[in-house]
Structure formats: C-alpha cells, structure tokens
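A.B. asks: Provided below are the primary sequence and the corresponding predicted coordinates.
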Amino acid sequence: MPLLHLLALPVLASAPSTGHATAENIVAARFAGGALSHDGGAAPVTGAGLAAEHVFRDGNVVEITASALSAGETTEIPVELLFEHAWHAGHYLEPFAGVGPSVVVHSLDGAHELSFGAVGAVGTHLWLGPHWGLLAEVDVTLDTHESVVLGSEVLVGPVFHWE
C-alpha cells in the first residue's frame, strides 16, 4: 500500500487546488495612478475602472477591463483584453502576468479620437476571505495616439470571485 501512495503523489500534486485558486469568475474595482511618456515629457495619470475575468482550470485567464483616466486636460477611456496566466502560490496568494490589445478613446475639449495599442500586466490577488480579496497590479501600455505613447500604472482595489 505505501508504494501506491508514492505513485499517486505526482497526480495529487498536479491536481487543481480546491481553494480560491479555482475561482472561475472574478470582478475587480481598480484605482490607478501612473504616468504617460510622450514627446520627451511625462504627464501624471489617475483614474478608476472595472475588470472582469474568467479563470480556466489550467490557470489561463481572459480579462476585459474598462477605465476612465485623467491625463492632464485629456480624458482617456481604455478598453483592454488581456490573456493572462495565474499561478497559485499558496491558499491566499495568486500572482499573474499577461498581455493583450487595447483600444483607447481620447477626449479633449469635446473632440474624440480613437487609438490602438498593447498592454502588459503583472500583479497578484491576495485572497482575504472566501470570496473577496485585494488586487495589486502594474501595467505598461503602448498607445499609437498621435505618436507612440508609453504609459505605466499601478492599480489597487478590491476583488471578488465566485464559481
């Protein structure tokens, strides 16, 4: 019998966790602060948004986000689609990383312009209860508005999940 237990260890070790890591749906409120680099200068960015995720059993994640950001006199509304992978570093900590495309609506003095870009994200969910926790994330964005605009943001906020 002990040999059977030893043979089963690799299977048990690769089985998905039955804790927070198996959450299939996640929604988060995100509060952002950062900077946009454009034409040799930098502008502060602040704002808030929402994110919705679907987590597959293998740790792959599809996330869509929408935010409203203030960058000087310009308001930006980025919508991003990220393809992420989450790792389970214990029952409470769930780091992730991902990339994807973005579409941004820029608004200045009633005029609206549309641009396209890409986003990369790294962060973690810190699960504090059975269905809630905190999100901490760093994003780097590349936008084609007028010229190439590089942005970076730090995002924090509450996160909720259910199966």
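C.D. replies: Received, thanks.

A.B. asks: can you give me the strands in the chain?
C.D. replies: With strands called from DSSP state E, the chain shows them at 25-38, 41-55, 60-71, 74-86, 93-108, 111-127, 132-143, 149-162.

A.B. asks: redo those strands as a markdown table? Include mean pLDDT and mean neighbour count.
C.D. replies: The C-beta positions use only the backbone N, C-alpha and C, and glycine is treated the same way. Shown next, in a markdown table, are the strands of the chain (pLDDT from 0 to 100; neighbours: other CB atoms under 10 Å):
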| stretch | mean pLDDT | mean neighbour count |
| --- | --- | --- |
| strand 25-38 | 92 | 18 |
| strand 41-55 | 92 | 16 |
| strand 60-71 | 95 | 18 |
| strand 74-86 | 95 | 18 |
| strand 93-108 | 95 | 17 |
| strand 111-127 | 95 | 16 |
| strand 132-143 | 95 | 18 |
| strand 149-162 | 92 | 18 |
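
A.B. asks: tell me the bridge partners for residue 120.
C.D. replies: Bridge pairing for residue 120 (DSSP bridges) gives the partners residue 99, residue 140.

A.B. asks: what sits against it?
C.D. replies: Neighbouring residues of residue 120 by CB atoms under 8 Å, 6 or more residues apart in numbering: 97, 98, 99, 139, 140, 141.

A.B. asks: could you dump the residues you listed to a markdown table with distance to residue 75?
C.D. replies: Shown next, in a markdown table, are the contacts of residue 120 (distance: CB to CB, whole Å):
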| residue | distance to residue 75 |
| --- | --- |
| 97 | 29 |
| 98 | 25 |
| 99 | 25 |
| 139 | 18 |
| 140 | 21 |
| 141 | 16 |
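
A.B. asks: out of those residues, the closest to residue 58 would be?
C.D. replies: Of all the contacts of residue 120, residue 58 sits closest to residue 98, with 14.1 Å by CB to CB.

A.B. asks: residues contacting that closest one?
C.D. replies: 61, 63, 82, 83, 84, 85, 120, 121 are the contacts of residue 98 under CB under 8 Å, 6+ apart.

A.B. asks: the third one bridge partners, please.
C.D. replies: This means residue 82. Assigned bridge partners for residue 82, using DSSP bridges, are residue 63.

A.B. asks: I figured it was touching residue 99, is that so?
C.D. replies: Yes - assessed by CB atoms under 8 Å, residue 82 is found in contact with residue 99 at 6.8 Å.

A.B. asks: identify the contacts common to the two.
C.D. replies: Shared contacts of residue 82 and residue 99, counting by CB under 8 Å, 6+ apart, come down to 119, 121.

A.B. asks: export the contacts of residue 98 to TSV and append columns for distance to residue 146.
C.D. replies: Output for these, formatted as TSV (distance: CB to CB, whole Å):
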residue	distance to residue 146
61	32
63	27
82	24
83	27
84	29
85	33
120	21
121	24
